[in-house]
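Undergrad: model this:
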Amino acid sequence: MNTVLLDKQKAVALITLNRPEAMNAISRQLRKDYIAAFEDCIADENIRVIVITGNGKAFSAGFDLKELSSGHSDTAAEEVTNDMARVMERFNGPIIGAINGHAVTGGFELALACDVLVASEHARFADTHARVGILAGWGLSQRLPRMIGLSRAKELSFTGNPLFADKAYEWGLVNHVVPADELIEFAMKLANDMCACVPNVLVEYKALIDDGYSMHFKDAMLYEEATAIESAKRAAAHLIAERRDAVIQRGREQKEQ
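TA: Take a look at the predicted model:
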């Protein structure tokens, strides 16, 4: 059985972690297959948005601890590599995490590496790094405080206690909580909404937000201004006019819903 499934639907790729019997624990083979799926999407210029989810009751329970504890050296360093997070960084389009169930430790880190998170009512997040005896290495210690606040992040990381879907929404970790049987449909619709944007601008906008977020606010404002000017130089007036009409029509349709 393939540990990762890749389903391309026009401009959207759905990547599914597929070790349901092991709660999609991150094994060596799953890491290899996950990286291969992302590299496939990176090489495919038609793929503009990726949705990630898990098969079964879990998004991912994190590292396969049985495999981790059976490493060939005296430490776990050979197993705890950040290659999965790195390949996600190489994809220049939006990544949506559709969190269907447990997202624990390494699974939590994979979720945080996404640009947008949506969750089913069964989703729960937990950081058990400190209980296992290793430190976060895929960005959790830096991303989580920026998303939910320093004190809340410390509570989760210092206790290993779970954060359930409704509280995750209240704290701003996830954008939406939807019924489990609607999760993938919802995430795919969101992905297709993103695909309706101007292709190169969608890519540039993601970079603008991510790069600017790591800067001092004043520097980020100057960076945005300079980037916007360069973008405007490449924008044809007649195309903007055409797109404006489409945006107005979409706004009318959404108002009527």
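Undergrad: ranges for the helices of the stretch 51-200 of the chain?
TA: In the stretch 51-200 of the chain, the segments counted as helices under DSSP state H, counting those that start in this stretch are 65-68, 83-90, 106-112, 129-132, 140-148, 150-159, 165-170, 183-195, 199-213.
Undergrad: What is the second one packed up against?
TA: By that I understand helix 83-90. If you count contacts as 3 or more C-beta pairs under 8 Å, 6 or more residues apart in numbering; DSSP states H and E, helix 83-90 packs onto helix 28-43, helix 106-112. C-beta: built from backbone N, CA, C; applies to glycine.
Undergrad: And for it, what's in contact with it?
TA: The contact list for helix 83-90 (C-beta atoms under 8 Å, 6 or more residues apart in numbering) reads 26, 31, 34-35, 38-39, 42, 95, 109-110, 113-114, 138-139.
Undergrad: Could you rerun that using 7 Å?
TA: With contact meaning C-beta atoms under 7 Å, 6 or more residues apart in numbering, helix 83-90 is reached by 31, 34-35, 38-39, 42, 95, 109-110, 113, 138-139.
Undergrad: Quick check: nearest residue in space to residue 190, chain neighbours excluded?
TA: Nearest residue to residue 190 in three dimensions, chain neighbours excluded: residue 96, at 6.0 Å (C-beta to C-beta, 6 or more residues apart in numbering).
Undergrad: so that neighbour makes contact with residue 187?
TA: Yes. Counting by C-beta atoms under 7 Å, residue 96 touches residue 187, with 5.3 Å between them.
Undergrad: Would you mind listing the residues touching both of those two?
TA: The contact sets of residue 96 and residue 187 overlap at 51, 118 (C-beta under 7 Å, 6+ apart).
Undergrad: Those two - which one has more neighbours?
TA: Higher neighbour count among residue 96 and residue 187: residue 187, with 27 against 24, using other C-beta atoms under 10 Å.
Undergrad: Next one: that one from residue 44, what distance?
TA: Residue 187 is 19 Å from residue 44, where distance means C-beta to C-beta, to the nearest Å.
Undergrad: same deal with residue 232?
TA: Residue 232 sits 30 Å away from residue 44, taking C-beta to C-beta as the criterion.
Undergrad: The two: which has the busier surroundings?
TA: The neighbour count for residue 232 versus residue 44, taken as other C-beta under 10 Å, is higher for residue 44 (12 against 9).
Undergrad: On the three-state scheme, residue 13 is what?
TA: Using DSSP: H, G, I helix; E, B strand; the rest coil, the secondary structure recorded for residue 13 is strand.
Undergrad: quick one: the one residue sitting closest to the centre of the chain from residue 101, how far?
TA: When C-alpha atoms, centre = their mean is applied to the chain, the residue found nearest the centroid is residue 114 (1.4 Å). Look at residue 114 and residue 101: by C-beta to C-beta, they are 15 Å apart.
Undergrad: Could you do residue 210 as well?
TA: 27 Å.
Undergrad: quick one: which of the two has more around it?
TA: Shown here are residue 210 and residue 101; by other C-beta under 10 Å, residue 101 has more neighbours (26 against 11).
Undergrad: wait, doesn't that one sit right on residue 58?
TA: Yes. Taking contacts as C-beta under 7 Å, residue 101 lies within contact range of residue 58: 4.4 Å.
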